[in-house]
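Enquirer: give me coordinates for this.
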Amino acid sequence: MTNTNTAAAAAGLVWILIDAAQGTVSISGACSGIVVGLATVTPAAGYIQPGYALLMGCIGSVIVYGWLKLKARYLHFDDTLDAFSCHGMSGIVGTFCTGLFCQIDINAQGANGAFYGNPVQLWRQIAAILVTASFSAAVTAGILLPMHFTFGIKHTSADQIIGLDKTMHGESWFGPGHHAYPSKNPTNSNNAVHPGVSLAIVDTAAVPSPAQSQNQV
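Expert: Numbering: from 1, shown residues only. As a prediction, this is how the structure comes out:
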């Protein structure tokens, strides 16, 4: 519990400080930082000292924040809600750091890490990262490829701008006649919930519902 809360608090604070340095402190950014801290410390929570939990939270926050900036600028893949970035990248960082900081003195059923005379444990952690990533990629591809070649997995840009609540269900959780999307680039999911990106509320009352569209046709 101590390690979990420590890492979450440290990561959230570091994220806020980085946002502040760029002039865009936001609640979503703080929440993202906390989630990153939780995901980073998960592999190590039962095997490390609280000081290392604090350090891991800081490391995870810096690395994931940098990854998000890199992804938004150079990489073009759909990472809705930044799920892979905030959970996957954090897990990779945490798993790697576990191989550095874990101690038998903390948990006799664990192992010492590279900082405590056992560099082999770090290589085991790296192997675990590679195996897990490969397994996840293979299973995900096995699910998405059949979907892609049958009924499809990507919505049109227009549907994404209007919102799937509106286009698929004829309702919007933002209330009558309004929808929110990132003001930078609403059609690019790379920016969908990028920390620090402001939301623009626009009037979509004039947008016909699915039923109205069918009647017009």
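Enquirer: for the lengthiest helix in the chain, which positions count as buried?
Expert: Scanning the chain for the longest helix, with DSSP state H as the assignment, gives helix 119-148. When neighbours are counted by 16 or more other C-beta atoms under 10 Å, the buried residues of helix 119-148 are found to be 121-122, 124-125, 129. Every residue, glycine included, has its C-beta placed from N, CA and C.
Enquirer: pipe those into a markdown table and attach distance to residue 28 and pLDDT per row.
Expert: Converted to a markdown table, these look like this (distance: C-beta to C-beta, whole Å; pLDDT from 0 to 100):
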| residue | distance to residue 28 | pLDDT |
| --- | --- | --- |
| 121 | 36 | 98 |
| 122 | 34 | 98 |
| 124 | 36 | 98 |
| 125 | 31 | 98 |
| 129 | 28 | 98 |
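Enquirer: just these now: which is nearest residue 87?
Expert: Distances from residue 87 to the buried residues of helix 119-148, taken as C-beta to C-beta, are shortest for residue 129 (13.8 Å).
Enquirer: in contact with the closest one, which residues are there?
Expert: 92, 95-96 (C-beta atoms under 8 Å, 6 or more residues apart in numbering).
Enquirer: then residue 112?
Expert: For residue 112, counting by C-beta under 8 Å, 6+ apart, the contacting residues are 102-104, 118, 121.
Enquirer: I'd say residue 4 and residue 40 touch.
Expert: No. Distance between residue 4 and residue 40: 10.4 Å, which falls outside the contact criterion (C-beta atoms under 8 Å).
Enquirer: who has more neighbours out of those two?
Expert: Counted by other C-beta atoms under 10 Å, residue 4 and residue 40 do not tie: residue 40 has more neighbours, with 35 against 16.
Enquirer: let's verify the more buried one: helix, strand, or coil?
Expert: Reducing the assignment to helix, strand or coil with DSSP: H, G, I helix; E, B strand; the rest coil, the entry for residue 40 is helix.
Enquirer: where does pLDDT dip in the protein?
Expert: When residues are selected by pLDDT under 70, those of the chain lie in 174-217.
Enquirer: grab the nearest non-local neighbour of residue 164.
Expert: Nearest non-adjacent residue to residue 164, counting by C-beta to C-beta, 6 or more residues apart in numbering: residue 155, 6.5 Å away.
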